[in-house]
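*Asks:* show me how the following folds:
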Amino acid sequence: MIRPLLLAATLLAAPMAQAQGTAGPYLAARIAGFSNDYAAAGRYYDRLIRAEAAGPQVLENAIVINSVLGRFDRAAEAAQMLEEAGGSSQFGDNARLVVALQEGDFARASELMTDATIGGTLLDGLLRGWIAAAGGETARALEAFDAVAETQSFAAIAHLHKAFVLSMAGDFESAEEIYSGEKHGPMNLTARGVEAHAQALVQLDRRDDALELLEAALGLTNSPVLEDLQARIAAGETVLWDVIRDPKDGMAEAYFTLAAILAGETSATYALLNARAATVLRPDHVDGAVLVGELMEEQGQYALADEALTAVPRDHPSYFAAEITRAEILLAAEREEAALEVLSALTRSNPDRRLVWTAYADALRRLERFERAADAYDRALALVDEVTARDWFLFYARGIAREREDRWEEAEGDFRRALELNPDQPQVLNYLGYGLVEKRVKLDEALDMIERAVAARPDDGYITDSLGWVLYRLGRYDEAVEPMERAVQLRPMDPIINDHLGDVLWMVDRKREARFQWRRALSLDPEEAEAERIRRKLEVGLEIVLEEEEAAAPIAAAQE
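*Replies:* As a prediction, this is how the structure comes out:
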């Protein structure tokens, strides 16, 4: 595997002397590159190239930027210019390879791969196999995949691509031996592998086995594609094997495979290069488009992320999942109403999908539109055929929405139902325990819940704050100091936790320290109502504030 070059590293290199009038675009391109603003950087590098002010470093950066944008033709042109100037670039070689594969010039692609590695052992080996398959040389393709499998860490991937080739050639029996693990051992298939295996079983007239496989997979993952395939098989529809329709699809899959491996593990830029190659070679590669969108979102490039996801066809089973991801991106970009409109439209077009209603409810809850959120969670729960342990979060989230709407009895019921499904879930234990404390009821039970939550997540500042606060509410001020101080250490920038520590310190007669914590809490920009209360405590002291609130006495442990 080649060691990926980071985009930032290329941009840090010393600039070449710029032609007169091009210093501005050059500087702008560097700044855009540093901030991962690929679209702007691409425009500036194009200007430099047109102005014939592109030295080797500019050309290298232009290759990378254009590849990330999926403009491999422009990247290849920059690579050609770099070569003519006596330079070389692995990114440039890859761009030219993608163009050759896209154009079906497999002879040219083979030439590019003869001298040195372009994408590393895995990618190059997979591509060689698919290039052989494109030439009708199935046996040679299988040999290429076997060669890749000699590297143990790549074996499962190589075997899967081998099964793809066999399936594409119509040899479903041999392919099924690989999918099932009979040939090379357990495959631990991803959703795409399960889809291929199920389709192969259908071609072998083993529909019941295909349905059993899909049922097991859907018990572990939510995959719209697998759900759609399951429904079509159960309905007796004709199901063809179309995961890989031709060798070019296989080449796209090779790039996607590498991109999926690299995502989150190395340079996001390098993962993007490969994901873009997958979508260029196979424009309907939905998983590739979603991966591009997710990678762009991670880098704050919301417009490019949105653009990638809008490429998912409306009639594709993953359309609604892609739209949910797009709504998340719009929320991250603070386009809140646009995000809600995307999700609202999905509830109209997919009214029977629980995941759609859940996503809509989650977004409404995040935006503190709790009444509508609770209603949306109602719709999601109504679509649950049989409640299982995995559904704890729906009850928990609806409980939060109801609690924020001052519907405590209903909220408490939801939290307790969530705990029935997941008894030791620390988030639920903490939220319910804290709620009981604030309601000043069942405090012994609340303390037990929060202590269990802290034991499960000792480094969670919010949960540790809850423990300190329930001890404070019980009048056990000395015991409250240690967990509250630890909560502030864990979450030093939270105004509420700092305020809580101030209250605890005041009650153990550490008044100077208490005033310091209250002032710190004010500096952290609390909500205005909380800020007004803190200012009042600084003015007259905590006891008077509590008297004014008719809450001066410690709370007795209630046994309601």
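*Asks:* which residue would you name as the spatial centre of this structure?
*Replies:* Among the residues of the chain, Glu294 comes closest to the average C-alpha position under C-alpha atoms, centre = their mean, at 6.1 Å.
*Asks:* in contact with that residue, which residues?
*Replies:* Shown in contact with Glu294 (C-beta atoms under 8 Å, 6 or more residues apart in numbering): 263, 305, 325. Every residue, glycine included, has its C-beta placed from N, CA and C.
*Asks:* Trp408 now?
*Replies:* Contacts of Trp408 by C-beta under 8 Å, 6+ apart are 402, 435, 439.
*Asks:* residues near the first one, how many?
*Replies:* I take that to be Arg402. Close neighbours of Arg402, defined as other C-beta atoms under 10 Å, add up to 23.
*Asks:* wait, it touches Asp414, no?
*Replies:* Yes - counting by C-beta atoms under 8 Å, Arg402 touches Asp414, with 6.4 Å between them.
*Asks:* okay, now the unreliable bits of this protein?
*Replies:* 1-37, 39-54, 115-116, 266, 551-560 (pLDDT under 70).
*Asks:* which SSE is immediately downstream of the longest helix along it?
*Replies:* In terms of residue count, the longest helix belonging to the chain (DSSP state H) is helix 247-262. The C-terminal neighbour of helix 247-262 among helices and strands, as given by DSSP states H and E, is helix 268-281.
*Asks:* do you know how far Arg128 is from Ala321?
*Replies:* 33 Å (C-beta to C-beta, to the nearest Å).
*Asks:* cool, and Leu291?
*Replies:* In terms of C-beta to C-beta, Leu291 sits 13 Å off from Ala321.
*Asks:* sorry, back to before: separation between the residue nearest to the centre of the chain and Glu328?
*Replies:* 9 Å.
*Asks:* overlap in contacts, these two.
*Replies:* Common neighbours of Glu294 and Glu328 (C-beta under 8 Å, 6+ apart) do not exist.
*Asks:* format the contacts of Trp408 as TSV; extra columns: distance to Pro526 and secondary structure.
*Replies:* Converted to TSV, these look like this (distance: C-beta to C-beta, whole Å; DSSP: H, G, I helix; E, B strand; the rest coil):
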residue	distance to Pro526	secondary structure
Arg402	24	helix
Gly435	20	helix
Lys439	22	helix
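*Asks:* of these, which is the nearest to Ser466?
*Replies:* Ser466 lies nearest to Gly435 out of the contacts of Trp408, by C-beta to C-beta, at 9.8 Å.
*Asks:* and the gap between that closest one and Arg365?
*Replies:* For Gly435, the distance to Arg365 - C-beta to C-beta - is 16 Å.
*Asks:* and for Leu59?
*Replies:* For Leu59, the distance to Arg365 - C-beta to C-beta - is 49 Å.
*Asks:* neighbour count winner among the two?
*Replies:* In terms of neighbours (other C-beta under 10 Å), Leu59 is the more surrounded of Leu59 and Arg365; the figures are 27 against 20.
*Asks:* and the more buried one, backbone torsions?
*Replies:* Phi and psi for Leu59, reported as degrees, to the nearest 10, are phi -60, psi -40.
*Asks:* who's in contact with it?
*Replies:* Per C-beta under 8 Å, 6+ apart, neighbours of Leu59: 49, 78-79, 81-82, 85, 87, 89.
*Asks:* next: Phe516.
*Replies:* Per C-beta under 8 Å, 6+ apart, neighbours of Phe516: Gly502.
*Asks:* ok, back up a step: restricted to helices, list the contacts of Leu59.
*Replies:* Per DSSP H, these map to helices at 49, 78-79, 81-82.
*Asks:* which pair of the residues you listed spans the longest distance?
*Replies:* Ile49 and Ala79 (11.8 Å).
*Asks:* who has more neighbours out of the two?
*Replies:* The residue with more neighbours, out of Ile49 and Ala79, is Ala79; 28 against 18, by other C-beta under 10 Å.
*Asks:* excluding chain neighbours, what is closest to the more buried one?
*Replies:* Gly92 (2.8 Å; C-beta to C-beta, 6 or more residues apart in numbering).
*Asks:* what is the neighbour count of that neighbour?
*Replies:* Gly92 - counted by other C-beta under 10 Å - has 26 other residues nearby.
*Asks:* tell me which element it falls in.
*Replies:* Of the helices and strands defined by DSSP H and E, Gly92 is found in helix 90-103.
*Asks:* would you confirm that Leu82 contacts Ser88?
*Replies:* Yes - in this structure Leu82 lies within contact range of Ser88 using C-beta under 8 Å: 7.1 Å.
*Asks:* the two - which one has more neighbours?
*Replies:* Leu82 (23 against 13).
*Asks:* contacts only, for Asn350.
*Replies:* Contacts for Asn350 (C-beta under 8 Å, 6+ apart) come out as 320, 356.
*Asks:* just want the phi and psi numbers for it.
*Replies:* Torsion angles, degrees, to the nearest 10, at Asn350: phi -130, psi 60.
*Asks:* ok, now His316?
*Replies:* According to degrees, to the nearest 10, His316 has phi -80, psi 140.
*Asks:* test my guess that it contacts His285.
*Replies:* No - applying C-beta under 8 Å, one finds His316 not in contact with His285, separated by 10.8 Å.
*Asks:* which of the two has more residues huddled nearby?
*Replies:* His285 (22 against 16).
*Asks:* how close does Glu451 sit to Gln517?
*Replies:* 24 Å.
*Asks:* between those two, which one's more packed in?
*Replies:* Gln517 (24 against 18).
*Asks:* ok, now which ones touch the nearest residue to the more buried one once chain neighbours are set aside?
*Replies:* Spatial nearest neighbour of Gln517, chain neighbours left out: Gly502 (3.5 Å); criterion: C-beta to C-beta, 6+ apart. Applying C-beta under 8 Å, 6+ apart to Gly502 gives the contacts 513-518, 521, 534, 537.
*Asks:* over to Gly461?
*Replies:* 487-491, 494, 497.
*Asks:* buried ones in stretch 276-289, by neighbour count?
*Replies:* Neighbour counts over stretch 276-289 (16 or more other C-beta atoms under 10 Å) mark 276-282, 285-289 as buried.
*Asks:* which parts of the stretch 101-250 of the chain are helices?
*Replies:* 106-112, 121-134, 138-149, 155-168, 172-179, 191-203, 207-218, 224-234, 247-262 (DSSP state H, counting those that start in this stretch).
*Asks:* which residues sit against the second one?
*Replies:* Taking contacts as C-beta under 8 Å, 6+ apart, the residues outside helix 121-134 that touch it are 1, 97, 101, 104, 106, 109-110, 113, 117-119, 138, 140-145, 147-148, 151, 154, 157-158, 161-162, 165, 168, 246-248, 250-251, 254-255, 257-258, 261, 274.
*Asks:* check the longest one too.
*Replies:* Helix 247-262 is contacted by residues 4, 98, 101-102, 104, 119-120, 122-123, 126-127, 129-131, 133-134, 157, 161, 164-165, 168, 244, 270-275, 277-279, 281-282, 285, 287-288, 291 when judged by C-beta under 8 Å, 6+ apart.
*Asks:* same check, this time on the shortest one
*Replies:* Helix 106-112 has contacts (C-beta under 8 Å, 6+ apart) with 93, 96-97, 100-101, 118, 127-128, 131, 134-135.
*Asks:* kindly export that helix (C-alpha atoms) in PDB.
*Replies:* Presented in PDB, the C-alpha positions along helix 106-112 are these (Å, rounded to 0.1, in the frame of the first residue of the first chain):
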ATOM      1  CA  PHE A 106      -8.100  -1.100 -20.700                       C
ATOM      2  CA  ALA A 107      -4.900  -1.500 -22.700                       C
ATOM      3  CA  ARG A 108      -3.900   2.000 -21.600                       C
ATOM      4  CA  ALA A 109      -4.900   1.200 -18.100                       C
ATOM      5  CA  SER A 110      -2.700  -1.900 -18.100                       C
ATOM      6  CA  GLU A 111       0.200   0.100 -19.400                       C
ATOM      7  CA  LEU A 112      -0.200   2.600 -16.600                       C
END
